Structure formats: C-alpha cells, structure tokens
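>>> Sharing a sequence plus its predicted fold:
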Amino acid sequence: MKKLINRVEDVVDEMLDGFAAAHADRVRRLEGTQVIVRADAPVRGKVALVSGGGSGHEPAHAGYVGEGMLDAAVAGAVFTSPTPDQVLAAIRAVDGGAGVLLIIKNYTGDVMNFEMAAEMARAEGIRVEQVVVADDVAVENSTFTTGRRGIAGTVLVHKIAGAAAAAGRSLDEVKAVAEKVIASVRSMGMALSPCTVPAAGKPTFELAEDEVEIGIGIHGEPGVRREALRPAREIVAELAAKVLDDLPFQRGDRVVALLNGMGATPLSELYVAYHELRAVLRERGVEAAHSLVGEFMTSLEMAGFSVTLLRLDDELERYFLAPSQAVAFRR
Amino acid sequence: MAEEMDLELARAAIRAMAAAIREHAQELTDLDAAIGDADHGTNMDRGFQAALARLDGGQGDLGGLLRDVAMALISTVGGASGPLYGTAFLRASTPLAGRSAVSAAEVEKALAAAVEGVRERGGAAPGEKTMVDALVPALERFHAAVEQGAGLARALAAAAEGAWQGARQTVDLVATKGRASYLGERSRGHQDPGATSSALLLQAAARALAGEGERRAAGGPGGGAG
C-alpha cells in the first residue's frame, strides 16, 4: 500500500481537520465528533439536511455542506457507516426548529444507524424525517435482496432537497421533493481497477490488466459481472442503456446527466465517456439539459466511472439551478 | 449452577462475552470476508472492549448495566452489527430496569425483548441467513427449558445449544438481507458471521453462569472470571 497518510487510524480524523481548516469560511467541525456542519448552523426556521456515510467517497459527504445543500455531513470510518451517536450529534447541532431531514443511502449499516439516530432525536423532541436513496440499477430490486444500493444519484438529492429547504419549504415538503428526486434518478457504474482501504492495506479485489468490473457500488466491492475491457463507446453505451431502460426514460425527457469519476480516472477520460453518453442520449431522444462531469461520489482511488440520469420537471430543474455555496458544488 | 441473575453474574457474563469475541475475532472476520465486508470480528471486538470499559462502575441495576453495554456497542461498532446488537441489549435492559436480581422467567422476558428488537431493527425473519437464525431457536430452547423446570444456567445452556444449531444451519441458506444478499446463490455454503457471533455470545454467557454458580456453591470467590 502506498498512500499519503500518517498513521492508518488517524486518516479520517486528520482528513476532517484538514477539510474544516481549508474551508473555514463555510464549514466547521463539530468538536469531539466526526461531523462537519455549516459555519452558521443552526439556521433558525430552516429545515436542516443531514447526510453522511463511510469515509472514502470524497468530496462526498462533507463537500456538500454549505448554504443551499447540506447542513451537516457525518463521516464514518472508511467505507463503514457512522454510528448513531455521531448522527445524533449532527441532528442536534443543525436543528433550527423546523425539523431535520436525513438523506441515507441504501446500505444496511447506513440505514440502521441513521434510523436509530432518528429515534433518539425524536425522543428528545426533534422532528426528524428520512429518505433512502436507491439509484443503482446494477443491483436487482427484488424481495430476495436488501434492494438497490444508493450511489452517485445521492448528490442530486442533496442539491435539490437542499435548495427546497433553502427556499423555506416545510419538512414534509422538503421530504416530498427529495422523494421525487429519488423516484426520478438512476445510476450504474464500472471499475477499471480496485481501490485499497487503508486499514486493510491491500486491494479490495484483483483484476487482470485486460479486465473490468461492471456494476460496482461505492465501497470498493466487486461489481455484478467481470468482463474484458472494451472501447469507451461500448462500455458507456451498455451502462447508459441499462440506466435508460430502467426508469424508463423516454423520448422528449429532459435530464441532468452526471458522469462521476470513481477517484482515479483522469478528467480527459471522463470527458471521452461523457462524449459517448451524449451520443447515446441523442440517439434515444433524451435531452441532457444540464451536465455534470467530475468526481462527486468516489470510491477512494478506484479507476472507473458511473452514469447517473435524473428526469427533470419544472420544480426539480428550478431547485437544481438554485444557488449553492457547498464546498464541492458552487453555483 | 446459578438460578438467579444478579449484578455480579451479569458482569461476569459480559466479561465472558468480551473474551469470547476477542478470542474468535479473526474467525468472525474470516467468515465475514467470504460473504460480507470482512470487518465483523474487528468491529465486535472494538465494541465489547468499549463495553468492558464501562462495566466497572459497580453501582446501578441490571437494566442500567445492559443499557451501558448497549450504548457502548451502538457508539463504537458501526456497520449493521452495532445497531443490531445495540438494540438487542437496549431492549433487554427495559424489563430489567430497577432490578438487581431476577429469575430465569424474567431473563426470558429480556431475551425475548432482545430477539424481537433485532428482528424489528433488521427487518429479518428466520431463514434469511442472519443473526435471527441463531437467536430465534435460542429463545425457543430457553423457553422450553424453563417450562420443564430448568433454572437459569441450564436454560441459558440450552439456548446456546439452540443458537449453535441455528448458526450451523445458515451454511445452507441463501442470504436475502444485508450485503451478503448481493451475492445471491454464491452466499450458500458459508456460515453467517452474525449468527455465529450470536451463538458465541450466548455460549459465553451460559458458561459464565454455570461456572460462577459452581464457585458460589463451593464457597469460592465470585465474580471476575471471564
């Protein structure tokens, strides 16, 4: 393992301190916790948004803290859900009297820890609601599994629900907007190489020089299928088709097209992939009204990318375009 | 054999649980590596060491003791195991609130509340290759033993036996809950790490109670063992 770290056990703590120091004009670290909050939290009378999950997904989750997006992000150990007391600390710190919405990704550990925190906060008299993002079409959504994972589409839930909260909507209304985004967004990813979790010290899986994993999540886990490397055109076409067919997206739909790097793929290759994605969308008669290309929800230094499409309506588009001061999403 | 659970016995049982988890941490992590994310032993050990650190207040009641353990697990384990085991101890603490010594029948109530809590939190039913597959037969065996007039130590030993049988049967099951569910058919052939840790914990508690009871009957020093 070759990483720019000090001691393995200090990685998350030092990362959070560095993040808070680098962006002290907009965020602060809640003392004694692994929570990053808006510098001006709590904002009186505004619905507060709390998200989080394991570390290793940078700029998620702390990068989305700021006016117009999240009020707090809770960091767990690398690829491990934060514990309920940490989430509870975040909820207490950002509740401005209008209630708190938890944005959770559909991984068993995340769901349980956030649910427990919600129960504890409610017992203290804080209004808390939650939504669970499950946008990954690679995983079959059946009664035989835990359901689909929540991946890069979560960033769009942060953005749009965050704008609704900033606009002064009520907790129930912000929750409804978040649920509309969740119902309208689909994603799928692939990997050219695995990543190395610092505490484990070795790659999460082995991949031959000419192999790729299709259908990866965001925790360094292998995908749903392994196959031979093909040109970008074919790989993008396959992922895009799976995403498009699932909702299903239809001719005339206007979408946000998010092409997300997994941590170690150069921007040049992401743009090559985006070029191919636009071609597929044109062919299917789907208009990419807004584009996002870059690293939004990574898996440490995994090489690869994911494709996310969000079907827009007037409300979602208005909130998508609203201002944001979040560190990793300024508009 | 201990027929009542008092504070001293409860502490001994928790020390035994922590020791058992430490001893088998690598084994639990290896089971998890096959079908999960390879951190069950590490996470559980971290949690039970934190629980041990909160154990020596010396005051309080059985409910408070279990609540302390629950909070230690909840705030240190993470993943899915933290909320599941945390909920188990938290729910078990409720019927024991304010009590400093309870009978087997009352321990059964606490165990039943714990199992119900795990089922609710995880949304899991028997047959889904989870902790529930060890806990449900454990509770059934505990109940049957008490019905037949067994005391606490014997009932707990029966429960541990039931948990092991249940854990071993998870080998043939396909996971439909948790991260192992993404493996589908490929999860078959591996014993579930959560069912295994549940069986280990019950076995440790049963052994602690049997051992402590004997020491007391012989007039030896009580407490401390683990």
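Looks like it arrived, so ask away.
>>> from here on, contacts and neighbour counts on C-alpha atoms
Will do.
>>> what about the residue in the stretch 1-150 of chain A positioned nearest to chain B, how many residues close to it?
Residue nearest to chain B within the stretch 1-150 of chain A: A:Gly109 (4.0 Å; CA to the nearest CA). A:Gly109: 26 surrounding residues under other CA atoms under 10 Å in any protein chain shown.
>>> Mind listing what's buried along the one helix or strand it maps to?
According to DSSP states H and E, A:Gly109 maps onto helix A:108-123. Neighbour-count burial for helix A:108-123 flags A:108-121 (criterion: 16 or more other CA atoms under 10 Å in any protein chain shown).
>>> Then stretch A:274-290?
For stretch A:274-290, by 16+ other CA under 10 Å, it's A:274, A:276-278, A:280-281, A:284, A:286-288.
>>> Flag every residue of chain B that's near chain A.
B:74-83, B:121-122, B:175-179, B:181-182, B:184 (CA under 8 Å from any CA of the partner chain).
>>> and those, which are buried?
B:74-83, B:121-122, B:175-179, B:181-182, B:184.
>>> so where's chain B uncertain?
B:1, B:57-59, B:212-226 (pLDDT under 70).
>>> tell me the centre residue of it?
Centroid-nearest residue in chain B: B:Leu201, 4.1 Å away (criterion: CA atoms, centre = their mean).
>>> what packs against whichever strand or helix holds it?
If you go by DSSP H and E, B:Leu201 is part of helix B:193-217. In terms of contacts (3 or more CA pairs under 8 Å, 6 or more residues apart in numbering or on different chains; DSSP states H and E), helix B:193-217 is packed against helix B:7-23, helix B:25-35, helix B:132-147, helix B:152-169.
>>> Dump those helices into a markdown table; add mean neighbour count as well.
Compiled in a markdown table, those are given as follows (neighbours: other CA atoms under 10 Å in any protein chain shown):
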| stretch | mean neighbour count |
| --- | --- |
| helix B:7-23 | 22 |
| helix B:25-35 | 20 |
| helix B:132-147 | 23 |
| helix B:152-169 | 25 |
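>>> returning to what we had before: could you give the separation of the helix holding A:Gly109 from the chain centroid?
For helix A:108-123, the separation from the chain centroid amounts to 19 Å (computed by CA atoms, centre = their mean, to the nearest Å).
>>> ok, now stretch B:118-126?
15 Å.
>>> what do you get for stretch A:289-301?
For stretch A:289-301, the distance to the chain centre is 9 Å (CA atoms, centre = their mean).
>>> Kindly format the C-alpha coordinates of that stretch as PDB.
Output in PDB follows, covering the C-alpha atoms of stretch A:289-301 (Å, rounded to 0.1, in the frame of the first residue of the first chain):
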ATOM      1  CA  ALA A 289     -30.500  19.800 -20.300                       C
ATOM      2  CA  HIS A 290     -27.700  20.000 -17.700                       C
ATOM      3  CA  SER A 291     -24.300  18.300 -17.400                       C
ATOM      4  CA  LEU A 292     -22.000  17.400 -14.500                       C
ATOM      5  CA  VAL A 293     -18.600  15.800 -15.200                       C
ATOM      6  CA  GLY A 294     -16.100  15.200 -12.500                       C
ATOM      7  CA  GLU A 295     -15.700  13.500  -9.100                       C
ATOM      8  CA  PHE A 296     -18.800  13.700  -7.000                       C
ATOM      9  CA  MET A 297     -19.000  10.300  -5.100                       C
ATOM     10  CA  THR A 298     -15.800   8.400  -5.300                       C
ATOM     11  CA  SER A 299     -14.500   5.000  -4.000                       C
ATOM     12  CA  LEU A 300     -11.000   6.000  -2.800                       C
ATOM     13  CA  GLU A 301      -8.600   5.700  -5.800                       C
END
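>>> ok, that stretch near chain B or not?
No - applying CA under 8 Å from any CA, one finds stretch A:289-301 separated from chain B by no less than 14.6 Å.
>>> Please point out which parts of that stretch sit buried.
A:293-301.
>>> residues touching the residue nearest to the centre of chain B, list them.
If you count contacts by CA atoms under 8 Å, 6 or more residues apart in numbering or on different chains, B:Leu201 has them with B:17, B:20-21.
>>> circling back to that earlier point, would you check that the residue of the stretch 1-150 of chain A closest to chain B makes contact with A:Ser81?
Yes - A:Gly109 lies in contact with A:Ser81 (CA atoms under 8 Å); the separation is 5.8 Å.
>>> which residues are in contact with both of the two?
B:78-79.
>>> quick check: mean pLDDT across the one helix or strand A:Ile235 maps to?
Using DSSP H and E, A:Ile235 sits in helix A:232-246. Mean pLDDT, helix A:232-246: 97.
>>> which helices and strands does it pack with?
Short answer (3+ CA pairs under 8 Å, 6+ apart): helix A:232-246 packs on strand A:185-193, helix A:267-284, strand A:303-311.
>>> now the ones you listed in TSV, with distance to A:Gly261 and mean pLDDT?
Shown next, in TSV, are the helices and strands packed on helix A:232-246 (distance: least, CA to CA, whole Å; pLDDT from 0 to 100):
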stretch	distance to A:Gly261	mean pLDDT
strand A:185-193	9	97
helix A:267-284	7	98
strand A:303-311	4	98
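>>> How about the residues of the stretch 51-200 of chain A by chain B?
A:76, A:80-86, A:107-110, A:112-113, A:116, A:139, A:143-146.
>>> which of these are buried?
Buried members of those, counted by 16+ other CA under 10 Å: A:76, A:80-86, A:107-110, A:112-113, A:116, A:139, A:145-146.
>>> Counting neighbours, what do you get for B:Ala208?
27.
>>> now it, nearest residue through space, not along the chain?
In this structure, B:Ala208 finds its nearest non-sequential neighbour in B:Ala13, 5.3 Å apart by CA to CA, 6 or more residues apart in numbering or on different chains.
>>> is it true that that neighbour touches B:Ala210?
No - B:Ala13 lies out of contact with B:Ala210 (CA under 8 Å); the separation is 10.1 Å.
>>> what's the distance between stretch A:124-135 and the middle of its chain?
16 Å.
>>> Near residue 55, how many other residues are there?
Chain wasn't specified; assuming chain A. So A:Ser55, with other CA under 10 Å, has 27 neighbours.
>>> should've been chain B
Residues near B:Leu55, counting by other CA under 10 Å: 18.
>>> Please consider this matter closed, and thank you.
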